[in-house]
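Visitor: build me a structure from this.
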Amino acid sequence: MPAQVHCSARLGLILLWGASLAACGSLDGTKDRLASAVTPYRVDVVQGNFVSREQVQALQVGMGRQQVRDILGTPLVTSLFHADRWEYVFTLRRPGVEVQTRKLTVFFKEDALLRFEGDEMPSESEFVATLGNRNQARTTPVLEATPEQLARYPGSTPATARAETSAPPTAPASATYPPLE
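Guide: I've put the predicted structure just below:
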């Protein structure tokens, strides 16, 4: 009898091991189905210096370095080997959309702006519009209650009635305080 018990225990372990492997396979398929149904939120990644069309239009040949810095901001790239060149690079990565990269290079001669060249820059309003198109379906609810709606809640009065009945706060009567020690 002990040999039969030992043999059936071994058979039970083998069956348990096989069931475990089968369960792992079905969990793997469930995990894949769940992963394809649920997608994580992916943020827009904005890197570099955004330079608008309006900023580029404000540049004028002959401006000083500080004036250019005031208009465009601190350059993303400056080189020790090319001290008279500043690079402004802007990258926008959004899920499901091709990466947008814009570049502007500003050249100086001594301390004066010599020239600038680069990609066509979007206006500020165009750039903001591209950021906002993801959630256009949302609507802002009206945040205004009618006097009838306010009357349903005890202790609330319409603003006009509150303004008529409330008096301006008066200063508290003079109080004496213990001395500070």
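Visitor: from here on, contacts and neighbour counts on C-alpha atoms
Guide: Noted.
Visitor: what about P75, distance to L113?
Guide: Here the distance between P75 and L113 works out to 14 Å (Cα to Cα, to the nearest Å).
Visitor: now T146
Guide: Counting by Cα to Cα, the gap between T146 and L113 amounts to 60 Å.
Visitor: which of P75 and L113 has more neighbours?
Guide: Looking at P75 and L113 with other Cα atoms under 10 Å, you find the greater number of neighbours at L113, namely 21 against 18.
Visitor: which residues of this protein fall in strands?
Guide: For the chain, strands defined by DSSP state E occupy the ranges 45-48, 77-78, 85-94, 97-109, 112-118.
Visitor: out of the ones you listed, which one sits most buried?
Guide: Per-residue neighbour counts averaged over each of these give the maximum for strand 85-94, namely a mean of 18 (mean count of other Cα atoms under 10 Å).
Visitor: now that one: mean pLDDT?
Guide: Mean pLDDT, computed over strand 85-94, is 88.
Visitor: please name the residues that touch the nearest residue to V77 once chain neighbours are set aside.
Guide: Spatially, and ignoring its direct neighbours in sequence, V77 is nearest to E87 (5.0 Å; Cα to Cα, 6 or more residues apart in numbering). With contact taken as Cα atoms under 8 Å, 6 or more residues apart in numbering, E87 is in contact with P75, L76, V77, T78, K103, L104, T105, V106.
Visitor: separation between the third one and L15?
Guide: Just to be clear, that refers to V77. Here the distance between V77 and L15 works out to 65 Å (Cα to Cα).
Visitor: ok, now the first one?
Guide: P75 sits 68 Å away from L15, taking Cα to Cα as the criterion.
Visitor: before we move on, what about the last one?
Guide: With distances taken as Cα to Cα, V106 is found 74 Å from L15.
Visitor: what's the answer for the fourth one, then?
Guide: Applying Cα to Cα, one obtains 68 Å for the distance of T78 from L15.
Visitor: again with the fifth one
Guide: Here the distance between K103 and L15 works out to 65 Å (Cα to Cα).
Visitor: how about G62?
Guide: Going from G62 to L15 by Cα to Cα gives 85 Å.
Visitor: which one of the two is surrounded by more residues?
Guide: The residue with more neighbours, out of G62 and L15, is G62; 15 against 12, by other Cα under 10 Å.
Visitor: contact partners for that one?
Guide: Contact analysis of G62 by Cα under 8 Å, 6+ apart lists A112, L113, L114.
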